[in-house]
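Novice: next come a sequence and a model predicted from it.
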Amino acid sequence: MIFRKKINLLLIIAALLVVGYGCRAPREMVPDVRPLSTADLTLIEIHSNQADFEWFSTRFSGTVVWEDRRHSIAGTMRIRKDSAIYVSVAPILGIEVARALITPDSVRVISRMESTYYYGDLGALSKMFNADVDFYMLQALILGNDFPHFRTDQFLLKDDPRLLRLEAPGRYRKSGLGNPIQQVLTVDPSNMRIRTNIMEHTHSGNALRADYRRYESVGGMLLPAELNLIFAEQGNSSNLEMTFSRSSLNVPQRMDFSVPARYVPVRLTD
């Protein structure tokens with residue numbers, strides 16, 4: 001019974017997006033004194049067209065493929081920039097079955113179906129999934145933005161017949177923490193929004209790909225309307241497809257999270 005509860009909670013976490021360990025808050029950018037390359041100028045334009053917000057909320061629906069099994073998901077997602085990501089999964093007649101609150105240094109998950117909860121730092125999930133993905137990367141992936149706390153001087157602009165293509169053979173965090181990633185960004189030149197974000201973790205070979213199939217205008221900004229995330233490791237992969245609706249920006253949201261006294265803790269790293 002404990003093993004089944006653990007597997008179900010893992011599935012919920014996968015549906016709430018695969019995350020790794022947290023890192024320190026992004027540092028201020030140090031002025032770059034080298035001459036700007038074509039790739040630099042392209043990144044500057046990408047960043048100027050990204051979604052900038054204090055609050056973000058949306059409803060989502062879609063499917064998650066986890067351990068070769070497909071599951072339907074639906075719910076709500078709320079983000080307070082650089083502070084918290086809140087997800088409520090409620091696919092059955094609008095009845096909540098799980099809730100998660102992710103911050104730069106912690107993750108909390110409750111499963112109402114199993115009456116269990118998990119609370120710990122993001123390092124536990126990093127060990128489990130062998131992935132070097134932190135809170136700020138996750139936030140950027142949801143919004144279709146570039147990673148704000150990574151250096152921008154490792155990209156090269158490559159030829160592509162339709163899209164702008166940027167490749168970084170080894171991209172590092174500005175803080176120096178964590179491992180470098182190999183990254184490829186393709187960008188739609190008509191609106192300078194990211195179409196695909198592909199990264200491979202150099203220390204493990206694990207890969208994460210985000211496809212933004214469609215954007216829509218929300219509050220004068222282009223936000224993802226359809227997102228597909230694929231996480232691959234050692235021949236296995238999981239897939240999360242989501243369609244966003246009723247998205248809004250800069251409307252303060254509640255992020256309530258409490259654990260009923262009768263719920264049982266689950267240690268995911270056992």
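Specialist: Perfect, thanks for sending it.
Novice: and the helices in the protein, which stretches?
Specialist: Assigned by DSSP state H, the chain shows helices spanning 2-15, 38-48, 122-129, 135-143.
Novice: where among those helices is the average confidence lowest?
Specialist: Confidence, taken as mean pLDDT, is least for helix 2-15 of the helices of the chain (a mean of 46).
Novice: what residues does residue 152 make contact with?
Specialist: Neighbour list for residue 152: 40, 43 [criterion: Cβ atoms under 8 Å, 6 or more residues apart in numbering]. Every residue, glycine included, has its C-beta placed from N, CA and C.
Novice: and it, how close does it get to residue 75?
Specialist: 34 Å (Cβ to Cβ, to the nearest Å).
Novice: go on, residue 257?
Specialist: Where residue 75 is concerned, residue 257 sits at a distance of 14 Å (Cβ to Cβ).
Novice: neighbour count: these two, which is higher?
Specialist: residue 75 (23 against 16; other Cβ atoms under 10 Å).
Novice: okay, the residue nearest to that one when sequence neighbours are not counted: pLDDT?
Specialist: In space, residue 75 comes closest to residue 89 once its chain neighbours are excluded; the distance is 4.2 Å by Cβ to Cβ, 6 or more residues apart in numbering. On pLDDT, residue 89 comes in at 95.
Novice: ok, residue 89 touching residue 73?
Specialist: Yes - checked against Cβ atoms under 8 Å, the pair residue 89 and residue 73 is within contact range at 6.1 Å.
Novice: follow-up on the earlier one: bridged to the residue nearest to residue 75, which residues?
Specialist: The partner list for residue 89 in beta bridges (DSSP bridges) reads residue 75, residue 98.
Novice: dump the residue contacts of the closest residue to residue 228 other than its chain neighbours.
Specialist: Closest residue to residue 228 apart from its sequence neighbours, by Cβ to Cβ, 6+ apart: residue 211 at 4.3 Å. For residue 211, the contacting residues are 195, 196, 227, 228, 229, 230, by Cβ under 8 Å, 6+ apart.
Novice: can you redo those residues as JSON lines with neighbour count, pLDDT and distance to residue 113?
Specialist: Below are these laid out as JSON lines (neighbours: other Cβ atoms under 10 Å; pLDDT from 0 to 100; distance: Cβ to Cβ, whole Å):
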{"residue": "195", "neighbour count": "19", "pLDDT": "97", "distance to residue 113": "36"}
{"residue": "196", "neighbour count": "16", "pLDDT": "97", "distance to residue 113": "34"}
{"residue": "227", "neighbour count": "22", "pLDDT": "97", "distance to residue 113": "25"}
{"residue": "228", "neighbour count": "16", "pLDDT": "96", "distance to residue 113": "26"}
{"residue": "229", "neighbour count": "19", "pLDDT": "93", "distance to residue 113": "23"}
{"residue": "230", "neighbour count": "17", "pLDDT": "91", "distance to residue 113": "26"}
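Novice: show me which of these is closest to residue 36.
Specialist: Distance ranking of the contacts of residue 211 against residue 36, using Cβ to Cβ, places residue 195 first at 23.4 Å.
Novice: next up, the contacts around the closest one.
Specialist: 163, 186, 187, 188, 211, 212.
Novice: how much space separates residue 137 from residue 171?
Specialist: Distance of residue 137 to residue 171, given as Cβ to Cβ: 11 Å.
Novice: between these two, which is the more surrounded one?
Specialist: More neighbours surround residue 137 than the other of residue 137 and residue 171, with 26 against 19 (other Cβ under 10 Å).
Novice: residue contacts, the nearest residue to the more buried one once chain neighbours are set aside?
Specialist: Distance criterion Cβ to Cβ, 6+ apart; nearest residue to residue 137, sequence neighbours excluded, is residue 147 at 5.4 Å. Residues near residue 147 by Cβ under 8 Å, 6+ apart: 136, 137, 140.
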